[in-house]
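Peer 1: My questions are about this predicted structure, shown below with the sequence.
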Amino acid sequence: QVQLVESGGGSVQAGGSLRLSCAASGRTFSSATMTWFRQVLGKEREWVAAITWTGGTTYYADSVKGRFTISRDKAKNTVYLQMNSLKPEDTAVYSCAATYDRFWDDPSRVDYWGQGTQVTVSS
């Protein structure tokens, strides 16, 4: 059974930092792209950052480029999202996802989801 378990969310003031982790288990992720999505209540889920498991190619939404860094540790089967210079508009539930096709930025194409972790940034 595939499991994606996020941790590291919390509350921080604007300008602060948080690091999210996503521990993956249950199958091989070698052909997957791992994506961090976020969602604000009442709004559509949006992709934030993604990384290919094997090659480590990274992608960033314009809204977080230069502030967030996605990485993965193959030995630990864990994906990270380092978030710096946080803004109140970054407040959302952040979810880790694994997609086994090229549509890694489309929530409807995700194969596996984590449970999500709340990030709250106060001004």
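Peer 2: Yep, that arrived. Numbers count the residues shown, from 1 in each chain.

Peer 1: these two touch, right, Phe37 and Glu44?
Peer 2: No. Between Phe37 and Glu44 there is no contact under CB atoms under 8 Å: 9.9 Å. The C-beta positions use only the backbone N, C-alpha and C, and glycine is treated the same way.

Peer 1: More neighbours: those two, which one.
Peer 2: Neighbours per residue, other CB atoms under 10 Å: of Phe37 and Glu44, the larger number sits with Phe37, 24 against 8.

Peer 1: so how far is the helix or strand containing that one from its chain's centroid?
Peer 2: Taking DSSP states H and E as the definition, Phe37 sits inside strand 33-39. When distances are taken as CA atoms, centre = their mean, to the nearest Å, strand 33-39 is centred 4 Å away from the chain's centroid.

Peer 1: now stretch 110-123
Peer 2: 7 Å.

Peer 1: Residues touching it, excluding its own?
Peer 2: Residues from elsewhere that reach stretch 110-123 (CB atoms under 8 Å, 6 or more residues apart in numbering): 2, 4-14, 16, 18, 20, 22, 32, 35, 37-39, 83, 86-100.
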